[in-house]
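Enquirer: Mind looking at a prediction? Sequence and model below.
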Amino acid sequence: MKGSNNKLSDESIRLLDNNEHRMNLIVTLILAIVDALMIIQVFLSPHKAYIIVFCGVPALLLSLVIVLNLVFSRHLHHWVKNVNMIVMLISFMLVGEINHSEFFMLFILPSFLSSFYYYPKYTVISSAASLVTLWVVMFNRVDFSHGTQMEDFDLQNLFSILSKAFDFSTVSELASVGRICMFVFAAAMMSIAIYMSFSGRIFYYRQAMLLNDNAASKAELIMARAIQDGAISHDFPDNEFYSVYGDMVTASKVGGDFYDQFMVDDTHLALVVGDVSGHGMAAAMFMMLSMTLIKVNVQSGYSCDKAISRTNKYLVSANPQKFFVTCWLGIIDLTTGELCYTNAGHNYPVLLRKGQRAEFLKSKTDFVLGRRRLAPYSEKHIKLNEGDRLVLYTDGVTEAVSRQDEFFGDERLLEALSACGSESAQRLVYLIWKAVDTFSKDRVPSDDITIEAFDLKKLMSQPQYETKNFFLTMESFDSVQEYISGRCKEYGCSTDVVYNILAASSEILANIESYAYEDGGEIEIMIISRGRRVCIVFKDSGEPFDPLLAKKPDVTLPLEQRSPGGLGIHIVCKLMDSVSYRYENGQNVLTIEKDF
């Protein structure tokens, strides 16, 4: 396959070389056996010993060398073909001489063809050499069997014998209809061998390219699956207020299904499910882009319709493959149960009110994403109560096909969800998937099957906050700490959480007292409770100073070798879940947050 290796993968080249290696070994073993049998003929026909010893022994030795090379060296040496061709021509001559049958040589052709199957030039050269040999044997007076005995054989006799091979004066004398027909037939067989060699090369080359393409497709499929799996959420919250669980069963061809759930802020949860048209790597990349844009726009503070509209405009401008995305986006206020959502051409979600039968959350469906830049999108609102649940899915669920070519359909989905009762979100997803799988009876899905379930267990309390001003001095430290401790305990913080908050507050207050004011000054402290998180905001009117920019101390060094500063804010960051700073309205504003 010279000249083509740059188009084939290493796996394809290795496969072809192994096939050729195997064929060479088989052919060489056949030739070695033939040569060995001819040497045995010495004991049966002594008058032919000279030609057998002169030609057969070297041929056998060469065959054995090739066999040893092929057995002990996995590297494919092209000189093997050349030596094999020489051995084969010698064997032709000996077989024809011993058996007095020129036609016998034609039976070697299948092995000949197999040996050089991938290299047509060898078949052409060998076929031409075979025709010349056949011409010499059939139309010239060359008879090794009735010549000089072995004891009289010398180099001069050899030249005499070889000169007869090119004595064309005997052609007309020896030519006959039978011999001419045999020669023409042999030439035809050689032509067929050459044609099959070229055809076989093309066929196997195409097979290798197909193998190459399949390997590339498989690699792309694996990468697309990895992208799809890495993009979707695997961290599912399950707390006293709500639980979310999702799962996706991918089809044989990777599609563009996706789902996600993330907190917009402390009291708002976003749910997303979507489906990108098409399959493969391009669809997986477009899916990842769609997910990212939606999340960025939602977390930037845009409402559902605005977030979808902005996402759509960008997708239209970055969509050369003309994909489109169906998507459902909802944002739930966990303190009130209000659900705001936008449906961009996606399947209706299923709403399960506590104690009621499942029903579709039907509303006007807007246009899909990625195809029409100025498509309008609207936001709808609905109130969820404690105990209600919402189930999102893709069309792989309702369009699952049974062996009778029936669709799973909407009604079966509603029945399966209604039968789930008060099962957890995770159990509900499993039961729906099991129902679809049982309906399909292990039939390979043609599309991804994606399900995401949300349970509203209990509404969060409304954020509580309290603000108080202090004149900060060393003497007022205790009263500030008592205030912070009292409010945190009222909001439900445990003793350990209160201890960590007081330790962090002590470092912050000491920092303000040392750098913001020389002889004390006014500070404002705001304590906010949002669900299971408490936030404490410290405001002072000193010189602008961001403690988060302080160089991080190397705590591995001995105390006397450490640079001063930075240790206090380092301790604060370690104790708290979130620390942020901003300069606003002439004030330093430092906010610490802790989950409890």
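Expert: Yep, that arrived.
Enquirer: now Leu329, which residues is it bridged with?
Expert: For Leu329, the beta-bridge partners under DSSP bridges are Val272, Thr342.
Enquirer: I figured it hits Lys306, correct?
Expert: No: contact criterion C-beta atoms under 8 Å: Leu329 and Lys306 do not qualify, at 10.7 Å. Backbone N, C-alpha and C define where each C-beta goes, glycine included.
Enquirer: which of the two has more neighbours?
Expert: Applying other C-beta atoms under 10 Å to Leu329 and Lys306 shows that Leu329 carries more neighbours, namely 29 against 16.
Enquirer: I'd like the distance between that one and Leu352.
Expert: 20 Å (C-beta to C-beta, to the nearest Å).
Enquirer: what pLDDT, on average, does stretch 311-329 get?
Expert: Across stretch 311-329, pLDDT averages out at 93.
Enquirer: And for stretch 544-555?
Expert: Here stretch 544-555 scores 77 as its mean pLDDT.
Enquirer: Next: stretch 428-444.
Expert: 87.
Enquirer: sorry, back to before: if I look at Leu329 and Lys306, which residues touch both of them?
Expert: Counting by C-beta atoms under 8 Å, 6 or more residues apart in numbering, Leu329 and Lys306 have no contacts in common.
Enquirer: Next, count neighbours for Leu25.
Expert: Residues lying near Leu25 (other C-beta under 10 Å) number 17.
Enquirer: In what element of secondary structure is it found?
Expert: According to DSSP states H and E, Leu25 maps onto helix 10-44.
Enquirer: Got phi/psi on Val589?
Expert: Backbone torsions for Val589, taken as degrees, to the nearest 10, come to phi -120, psi 110.
Enquirer: need the contact list for it.
Expert: Neighbour list for Val589: 537-539, 581-583 [criterion: C-beta under 8 Å, 6+ apart].
Enquirer: does Thr394 really touch Pro445, like I thought?
Expert: No: with contact defined as C-beta under 8 Å, Thr394 does not reach Pro445; the gap is 11.1 Å.
Enquirer: Neighbour count: the two, which is higher?
Expert: Thr394 (26 against 20).
Enquirer: list the contacts for that one?
Expert: 257, 273-275, 346-347, 447-450.
Enquirer: Next one: it from Tyr245, what distance?
Expert: From Thr394 to Tyr245 the distance is 16 Å (C-beta to C-beta).
Enquirer: same deal with Pro463?
Expert: Taking C-beta to C-beta, one finds Pro463 at 27 Å from Tyr245.
Enquirer: Please say which of the two ends up with more neighbours.
Expert: More crowded of Pro463 and Tyr245, by other C-beta under 10 Å: Tyr245, with 20 against 15.
Enquirer: That one and Val391: what is the separation?
Expert: For Tyr245, the distance to Val391 - C-beta to C-beta - is 10 Å.
Enquirer: what's the domain layout of this protein?
Expert: Domains of the chain are assigned by automatic domain parsing as 5-210, 232-456, 464-595.
Enquirer: Now the weakest link among the ones you listed, please, by mean pLDDT.
Expert: domain 5-210 (a mean of 61).
Enquirer: Any idea how far apart the tips of stretch 346-357 sit?
Expert: Taking C-alpha to C-alpha, to the nearest Å as the measure, stretch 346-357 stretches 22 Å from start to finish.
Enquirer: what comes up buried for it?
Expert: If you call a residue buried by 16 or more other C-beta atoms under 10 Å, then stretch 346-357 has these buried ones: 346-352.
Enquirer: now, which of the residues you listed sits nearest Ser363?
Expert: Minimum distance to Ser363 across those is 7.8 Å, recorded for Tyr348 (C-beta to C-beta).
Enquirer: surely the closest one meets Lys364?
Expert: No: counting by C-beta under 8 Å, Tyr348 does not reach Lys364; the two are 11.0 Å apart.
Enquirer: list the contacts for Lys458?
Expert: Taking C-beta under 8 Å, 6+ apart, one finds 240-242, 386 in contact with Lys458.
Enquirer: Kindly report the same for Asp546.
Expert: With contacts defined as C-beta under 8 Å, 6+ apart, Asp546 is in contact with 581, 583, 588.
Enquirer: which one of those sits closest to Asn214?
Expert: For the contacts of Asp546, the nearest to Asn214 is Tyr581 (56.0 Å; C-beta to C-beta).
Enquirer: can you pull up the bridge partners for that closest one?
Expert: Leu590.
Enquirer: And for it, the neighbour number?
Expert: 16.
Enquirer: what about it, distance to Thr591?
Expert: Distance of Tyr581 to Thr591, given as C-beta to C-beta: 8 Å.
Enquirer: follow-up on the earlier one: identify the contacts common to Tyr348 and Lys364.
Expert: Common neighbours of Tyr348 and Lys364, counting by C-beta under 8 Å, 6+ apart, are absent.
Enquirer: residue contacts, Leu590?
Expert: Leu590 makes contacts with 508, 537-538, 547, 579-581, as judged by C-beta under 8 Å, 6+ apart.
Enquirer: 7 Å instead?
Expert: Contacts for Leu590 (C-beta atoms under 7 Å, 6 or more residues apart in numbering) come out as 508, 538, 581.
Enquirer: what about the closest residue to Gly345 other than its chain neighbours, how many residues close to it?
Expert: If the residues on either side of it in the chain are set aside, Gly345 comes closest to Val368, at 3.8 Å by C-beta to C-beta, 6 or more residues apart in numbering. Val368 has 21 neighbouring residues, counting by other C-beta under 10 Å.
Enquirer: quick one: contacts for Val368?
Expert: Counting by C-beta under 7 Å, 6+ apart, Val368 has contacts 324-326, 344-345.
Enquirer: And for Asn319?
Expert: Going by C-beta under 7 Å, 6+ apart, Asn319 touches Gly370.
Enquirer: State the distance from it to His268.
Expert: Asn319 is 30 Å from His268, where distance means C-beta to C-beta.
Enquirer: Same question for Ala216.
Expert: 44 Å.
Enquirer: next one: Ser63
Expert: 82 Å.
Enquirer: Likewise for Glu490?
Expert: For Glu490 relative to His268 (C-beta to C-beta), the value is 24 Å.
Enquirer: If you count surrounding residues, which of the two has more?
Expert: Between Glu490 and His268, His268 has the larger neighbour count (other C-beta under 10 Å), namely 16 against 12.
Enquirer: residues contacting that one?
Expert: Neighbouring residues of His268 by C-beta under 7 Å, 6+ apart: 331-334.
Enquirer: so it bridges to which residues?
Expert: On the basis of DSSP bridges, His268 is bridged to Asp333.
Enquirer: ok, now how distant is it from Phe241?
Expert: On the measure of C-beta to C-beta, His268 and Phe241 end up 12 Å apart.
Enquirer: Find the residues that touch each one of these two.
Expert: Leu334.
Enquirer: Tabulate the contacts of His268 (JSON lines), appending distance to Asn297 and neighbour count.
Expert: Converted to JSON lines, these look like this (distance: C-beta to C-beta, whole Å; neighbours: other C-beta atoms under 10 Å):
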{"residue": "Ile331", "distance to Asn297": "11", "neighbour count": "21"}
{"residue": "Ile332", "distance to Asn297": "17", "neighbour count": "24"}
{"residue": "Asp333", "distance to Asn297": "18", "neighbour count": "17"}
{"residue": "Leu334", "distance to Asn297": "20", "neighbour count": "22"}
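Enquirer: any residues touching stretch 471-489, and which ones?
Expert: 466, 468, 470, 498, 501-502, 505-506, 509, 512-513, 520-523, 525, 527, 534, 536.
Enquirer: among the residues you listed, which are in strands?
Expert: 466, 468, 470, 521-523, 525, 527, 534, 536 (DSSP state E).
Enquirer: Select only the buried ones of those residues in ChimeraX?
Expert: Per 16+ other C-beta under 10 Å, the buried members of these correspond to this ChimeraX selection:
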select :470,521,523,525,527,534,536
